[in-house]
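**Student:** Build the 3D model from these lines:
(chains A and B)
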Amino acid sequence: MRALRRFFMRLLNVMTMCRSDERLREEMESHLMALTEENIRAGMTPHEARRHARLKFGAVEAVREHYHAEEGLPFVEIFLLDVRYAFRVLRKSPAFTVVAILTLMLGIGANVVVFGVLNAILLHPLEVKEPQSLFQIRHKPWMTGRLLTMSYPAFEDFRRRNATFSAMAGIYGYSHAKLSWQNTVISISGDEVTGDYFDLLGVQPQVGRFFHAADEHGPNSVPYVVLSDALWRSAFHADPGVVGAIVDLNKHPFTVVGVASAQFHGTERFEWPDYWMPMVNEQQVEGWDSLHNRASITVTVIGRLKPSVTPEQATDNLNAIAAELVKEYPETDNGQPLRLIHPGLIGDEGDVIRGFLWSVTALALLVLAAACANLSSLFAARTADRSRELALRVALGSSRWRLVRQLLTEAVLVSLMGGAAGLGSAYLLLGALNRWHPLVESHLVASMDARVYLAGLTFTFVSVLLCGLVPARQAWQSSPLQSLKNAPTEAMHLGRFALRDLLLGAQIAICTLLVTSSLVAVRGMVRALHVPLGFQPPGAMLVDMDLSQSEPSDGLVLEKQKAIIDAARSIPGVAAVGIVSRTPFTGGMHGIPVFRPGTTDFKLNKAALAPYVFQMSPGYLEAARTRLLSGRDVSWQDNPRTPYVAVVNQTFAQKMWGDSPAIGQHFIVSGQLTEVVGVVEDGKYHDLEEAPQPVVYQPYSQGDLGEAVFVVRSQRAPNEMAALERALSGVEPNVPIKVQSWLDSLDGELLPSRAATAALGAIGLLAAMLAVTGIFGMVTYSVSKRMKELGIRVALGARNVDIMSAAVGRPIFLLCVGSALGLLAGIFASRLLGQIVYQANPRDPVVVGGAVLTMALLGITASAIPARRALAVDPSKLMREE
Amino acid sequence: MKQKRDVQQGTLALMVLKTLDVLGSLHGYGIARRIEQISGDLFSLNQGTLYPVLLRLEQEGAIASEWGPSENNRRARLYQLTRAGRKLLESEKCDWEQTAAIIAHFFEVKAEDLA
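**Tutor:** Residues are numbered from 1 along each chain as shown, chains lettered A, B, ... in the order given. Take a look at the predicted model:
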């Protein structure tokens, strides 16, 4: 209490700069006078009395200093003094200050941005209760494609028989519906979930209630729908009264029971469903249900572990159940091992995303390290320049600790300004990132929360330590005697090299490593982007127009679709029109088993192949520009009454029949003996990185008329979307139409690759900039230090070559050594990178050559200006100056 | 000749408090004189060192000061014990006596007492 009171009094004195000098002086005077009088009374002469009084009183200056120290807070005062002095020093060399702040701004800004994204994607927990005990059950792929799902009956079996999960819920994430409410129809997509989904996740609605397991009594018994916050705001004007209202989903009435909270969006980070509806009502919305079909594998399963159960125990338990199921259902269940993963990042894609983000984080930290090495050598150079001043101060009685504090204050000041600038620029950059269209669609918000600010602060302090300690050590070790003699000594030597040289070497090595990595990544990405897709999105438009919901019978749907194709084809400029069940890169694809002719046992493990199966109309291949290599396209004459036919791709033909011609061969798919009538080129179907996949195209008129997308190729594609929409709504006025260019719709698929390329490219660029400033700073400094020496050399008849080698020899040597080390490290590090960036090959001569060339160019650029200064040395002028 | 002793750390403040407690309002010179008088000139006091101590006590709220006339009618800064100061003195005195008693006890103890 007393100490606190005293502290505040002192603080107040510091703040108000209030000094009671006058009072102390007066008190001391009267004290001395009283002492003197007493001495005179004791019989001394006045002179002697005054002398004795002063002796008795003690050193007036010491008392005064002591008094001031008690009065204020000396620590704070000295600190403020240091700060003021540091500001003055920094203002005296604006170039250094600006370069230092910019360097740190780049380093810290890059790290904050990367951390912000990392924070948003990985570190931010899902908006559910206790996310750490929540797991997704991953079915190892038993067919091609990245299968995360199992059949509904299997899910029921696992739920009932397991002893390790407190609850399990199933999700079907590809639900689409037309929502009609008060005369408006909108197309929405959401999740179909089992009854205990919300209870398992432990989330609460913001309005109304959720549905529960107790509501379920068999198929179509729970006509309830839960709205997402976004849908509630956009379609229902955030009206709380909507709870209890009846809306139509695909013409079936559903009661709105509640609205999820604004943060809740299921268990996938990149998915924001518009609604949640009970899976038992699947049939009403989808037109089919998979509740009793063990072959229809559509359900993603999540579960919450019981408190004391480890994931390993749960996995063993699940696999034991899977083994039981194989015995009971040998036709459909194959007992593939299961494992548990954390939900959120599209199953195993999470590993890739995580790996990529952590490597970018590591690279960004390296950028910061390079920036700090850069600054550190700049600071060291400045300190060496000031060694005389420092020596003088030590000689005059300043403590070394005081000098170190002074230098550290400067470093802290620069770092804080750099950190503030970095945070500011990161804030702007993240803001821009959040407004960037493809990210807006994925609802990914990398915002500046407390954690990001904290990270920024940490980066700043780490950089303070890294760049402040070298000059501090220099000051600590400086010997006044040495420095005051005329020889300006290098402050620190490690072997033949100054510490500055080592710092520059390290910096160049780090920069080369970064440049190499980003070259590897960018080149890999460019290659990946130029992989033949097997179709050509430019010039094509996609029309989403779902007729199956508005027409009662399949025959009518087919007629309508033909009419639409004809209408579209009659639009001027349209070259080709076709229907396909779904376009490539739209996710959720999995293989359908096919069998060789003569197979009688249709168990899954007897399947010959599991290709992706598409349904298409005549003209699709032309509209998509997928080349037909041999045979014919499908035709409208292929219908359920004629023999079943299919077009296959090269991989399918190759895998089924080797080199013998595929046309005329047969295979069994969906129980139908099918003849191959055509072979088309290979392409990419699920994602860019997949290995060549077998694919079967069935005629749309022989298929089950499920989903349908119209592909329209036109010479005037981008400008014709409105015309297309008008023409088609003339044919079918009551169906919502969505037209978009094929390229736009692929944005989502290409986004990760593009973002990764951009990120790595940016980091490479930053590294290059740091290398330039580092080399430039170093060479400029050494040239300016050695002007006199160079002048003497010129005067003694040195040639230009000698001058050059004296001026820039060491930096160039460091550049070579650093680059070589960095390149080696880059080649090893890129092997890691190669697992994340597809098609990355660090031994690629283009990459190695590119990195060498880049570093050489950077070195030449950075040393050109100081080298010219060295060459332009005028000895006579220099001699006169000194 | 008597060896003069330096003031022990912290005891000067206690002496100031006790002096003000006994004599009421007093100026710096007076306090210094009293302390020397009471300690029987046993230790040397650089009288100037009193002032930082006075400032410290005043900041802690143990004493208050104001300008007033001294005995010979000069302007002087007069110091006075506050209520908080009196309380502080009490507790410090207690502590001091306790410490002294314990130390004294240690010195008195003989080997046979511990048997």
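**Student:** which helices and strands does the strand ranked longest in chain A pack with?
**Tutor:** If each strand of chain A is counted by residues according to DSSP state E, the longest one is strand A:165-181. Contacts defined by 3 or more C-beta pairs under 8 Å, 6 or more residues apart in numbering or on different chains; DSSP states H and E place strand A:165-181 against helix A:152-161, strand A:184-193, helix A:197-201, helix A:229-236, strand A:246-249, strand A:275-278, helix A:282-286, strand A:297-305. For glycine as for every other residue, the C-beta is placed from the backbone atoms N, C-alpha and C.
**Student:** what residues are up against the residue nearest to A:Arg2 when sequence neighbours are not counted?
**Tutor:** Sequence neighbours aside, B:Glu60 is the residue nearest to A:Arg2 in space, at 4.3 Å (criterion: C-beta to C-beta, 6 or more residues apart in numbering or on different chains). Residues touching B:Glu60, when contacts are defined by C-beta atoms under 8 Å, 6 or more residues apart in numbering or on different chains, comprise A:2-3, A:5-6, B:84, B:88.
**Student:** how about a cut-off of 7 Å?
**Tutor:** Taking C-beta atoms under 7 Å, 6 or more residues apart in numbering or on different chains, we find B:Glu60 in contact with A:2, A:5-6.
**Student:** Reformat those residues as TSV; add secondary structure, pLDDT and neighbour count.
**Tutor:** Compiled in TSV, the contacts of B:Glu60 are given as follows (DSSP: H, G, I helix; E, B strand; the rest coil; pLDDT from 0 to 100; neighbours: other C-beta atoms under 10 Å in any protein chain shown):
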residue	secondary structure	pLDDT	neighbour count
A:Arg2	helix	72	13
A:Arg5	helix	78	14
A:Arg6	helix	77	19
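**Student:** tell me which element residue 103 falls in.
**Tutor:** Unless you meant another one, I'm taking chain A. When secondary structure is defined using DSSP states H and E, the element that contains A:Thr103 is helix A:94-118.
**Student:** ah, no, chain B please
**Tutor:** With DSSP H and E as the test, B:Ile103 turns up in helix B:83-108.
**Student:** closest point of the stretch 501-650 of chain A to chain B, which residue?
**Tutor:** In the stretch 501-650 of chain A, no residue comes nearer to chain B than A:Leu503, which is 46.9 Å away by C-beta to the nearest C-beta.
**Student:** That residue is in contact with A:Ser376, isn't it?
**Tutor:** Yes. With contacts defined as C-beta atoms under 7 Å, A:Leu503 counts as touching A:Ser376 at a distance of 5.5 Å.
**Student:** and the closest residue to the residue of the stretch 501-650 of chain A closest to chain B other than its chain neighbours, how many residues sit next to it?
**Tutor:** Counting by C-beta to C-beta, 6+ apart, the nearest residue to A:Leu503 once its immediate chain neighbours are dropped is A:Ser377, at 4.2 Å. Neighbourhood size, A:Ser377 [other C-beta atoms under 10 Å in any protein chain shown]: 25.
**Student:** how far away is A:Ser377 from A:Phe165?
**Tutor:** A:Ser377 sits 58 Å away from A:Phe165, going by C-beta to C-beta, to the nearest Å.
**Student:** what does A:Gly809 give?
**Tutor:** For A:Gly809, the distance to A:Phe165 (C-beta to C-beta) stands at 70 Å.
**Student:** Over to A:Ala245?
**Tutor:** 35 Å.
**Student:** For these two, indicate the residue with more neighbours.
**Tutor:** With other C-beta under 10 Å as the criterion, A:Ala245 and A:Phe165 differ in neighbour count, and A:Phe165 comes out ahead with 24 against 13.
**Student:** Beta-bridge partners for the more buried one, please?
**Tutor:** For A:Phe165, the residues forming beta bridges with it (DSSP bridges) are A:Leu305.
**Student:** My read is that it contacts A:Gly303, right?
**Tutor:** Yes. Under the criterion of C-beta under 7 Å, A:Phe165 lies in contact with A:Gly303, with a separation of 4.1 Å.
**Student:** buried residues in the one helix or strand A:Cys511 maps to?
**Tutor:** A:Cys511 is part of helix A:499-529, with elements assigned from DSSP H and E. Residues of helix A:499-529 classed as buried under the neighbour-count rule (16 or more other C-beta atoms under 10 Å in any protein chain shown) are A:499-525, A:528.
**Student:** Next secondary structure after it?
**Tutor:** In N-to-C order, the element after helix A:499-529 by DSSP H and E is strand A:540-544.
**Student:** what's the angle from that following strand to strand A:184-193?
**Tutor:** Taking axes from the mean of the first three to the mean of the last three C-alpha atoms, to 10 degrees, one finds that strand A:540-544 is oriented at 80 degrees with respect to strand A:184-193.
**Student:** Next one, pLDDT for whichever residue of chain B sits closest to chain A please.
**Tutor:** Distances from chain B to chain A, computed as C-beta to the nearest C-beta, single out B:Asn46 as the nearest residue at 3.0 Å. B:Asn46 is assigned 79 on the pLDDT scale.
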